[in-house]
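Peer 1: What follows is a protein structure lacking sequence information:
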């Protein structure tokens, strides 16, 4: 079965907006695992606008499922990963000022750099995945440089699917089949949601893992809001009598 790894960046964003430790990032990760998710994903950025570097070892202590750290392999990120040794590292070519990831790697142009990084992580027994567009030349280069997996960048699928275009799945199916053929595991992520996850998972062969953050946290707010408001109303009414 495809595993679900929950990206908790948005929990850290909410915490940082107010200061203090509410919501508690570590407790949230524990709760997510106890709810059945098979992994926790974080994406620390240099400005620490959501996940802080100090969060990484704190989370390492309590993650009992799979720990996936994703990000651009700048020196500080590489050091962070090597010190904390997660189960998986996902390399993402996001620029320092990117709001969110918006492209996969050109593994042909960046072959030598990525090969060096991947070799270092694999030497430390860290499974390595590379964030990818649907480009077979790039996927082939990812295999040659030594990556264990690719993560298919699914924003275009999600955008097209929301418009009713189910044909948008076809390039992802082809990429997944090609990746499997040349020995790569397949992950996927970006804008996957309750609206499209069933269709995507059903149609992508050999899909090992999906990483979902923004949509899942937003949907948790929508689906849990009524319950929390009713709890507040109950307590206020109880106090008034």
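Peer 2: That came through, no problem. These numbers were taken from a predicted model, which means no experiment stands behind them.
Peer 1: Determine the number of other residues adjacent to the closest residue to residue 86 other than its chain neighbours.
Peer 2: Of all residues not flanking residue 86 in the chain, residue 67 sits nearest, at 3.9 Å (CB to CB, 6 or more residues apart in numbering). Heads up, the C-betas are built off the backbone N, CA and C, glycines and all. With neighbours defined by other CB atoms under 10 Å, the count for residue 67 comes to 23.
Peer 1: which residues sit in contact with residue 67?
Peer 2: Residues near residue 67 by CB atoms under 8 Å, 6 or more residues apart in numbering: 39-40, 59-60, 84, 86-88.
Peer 1: right, and residue 81 touches residue 69 too?
Peer 2: Yes: if you go by CB atoms under 8 Å, residue 81 and residue 69 touch, sitting 5.6 Å apart.
Peer 1: overlap in contacts of the two?
Peer 2: residue 89.
Peer 1: and the residue nearest to residue 86, bridged to which residues?
Peer 2: residue 40 (DSSP bridges).
Peer 1: Okay, and the spatially most central residue of the chain sits in which element?
Peer 2: Centroid check for the chain by CA atoms, centre = their mean gives residue 211 as the closest residue, at 3.9 Å. With secondary structure defined by DSSP states H and E, residue 211 is part of strand 207-212.
Peer 1: Can you give me the buried ones in that strand?
Peer 2: Burial within strand 207-212, assessed by neighbour count using 16 or more other CB atoms under 10 Å, is assigned to 207, 209-212.
Peer 1: wait, which of these is closest to residue 239?
Peer 2: Of all these, residue 239 sits closest to residue 212, with 38.3 Å by CB to CB.
Peer 1: these two touch, right, that closest one and residue 3?
Peer 2: No: between residue 212 and residue 3 there is no contact under CB under 8 Å: 11.1 Å.
Peer 1: For residue 73, which non-adjacent residue is spatially closest?
Peer 2: Leaving out its chain neighbours, residue 73 is closest to residue 117 (CB to CB, 6+ apart), at 4.6 Å.
Peer 1: dump the residue contacts of the one you found.
Peer 2: 73, 78, 91.
Peer 1: Show the subsequent helix or strand relative to the helix or strand containing it.
Peer 2: For residue 117, the element it lies in under DSSP H and E is helix 111-123. Counting by DSSP H and E, the next helix or strand C-terminal to helix 111-123 is strand 127-132.
Peer 1: Listing partners with orientation, what would you give for that next one?
Peer 2: strand 88-91 (parallel), strand 149-153 (parallel).
Peer 1: Mean pLDDT, distance to residue 239 and mean neighbour count added to these, as TSV?
Peer 2: What follows is the strands paired with strand 127-132, written out as TSV (pLDDT from 0 to 100; distance: least, CB to CB, whole Å; neighbours: other CB atoms under 10 Å):
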stretch	mean pLDDT	distance to residue 239	mean neighbour count
strand 88-91	98	48	27
strand 149-153	98	49	24
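Peer 1: Now distance to residue 189 too, for those strands, in JSON lines please.
Peer 2: Output for the strands paired with strand 127-132, formatted as JSON lines (distance: least, CB to CB, whole Å):
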{"stretch": "strand 88-91", "distance to residue 189": "8"}
{"stretch": "strand 149-153", "distance to residue 189": "6"}
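Peer 1: The residue lying closest to residue 42 once chain neighbours are set aside - how many residues pack around it?
Peer 2: Distances taken as CB to CB, 6+ apart place residue 51 nearest to residue 42, at 4.6 Å, with adjacent residues excluded. Neighbour count of residue 51, defined by other CB under 10 Å: 25.
Peer 1: Output the contacting helices and strands for the helix ranked longest in the chain.
Peer 2: In the chain, assigned by DSSP state H, the helix with the most residues is helix 214-239. Contacts defined by 3 or more CB pairs under 8 Å, 6 or more residues apart in numbering; DSSP states H and E place helix 214-239 against strand 3-7, helix 9-18.
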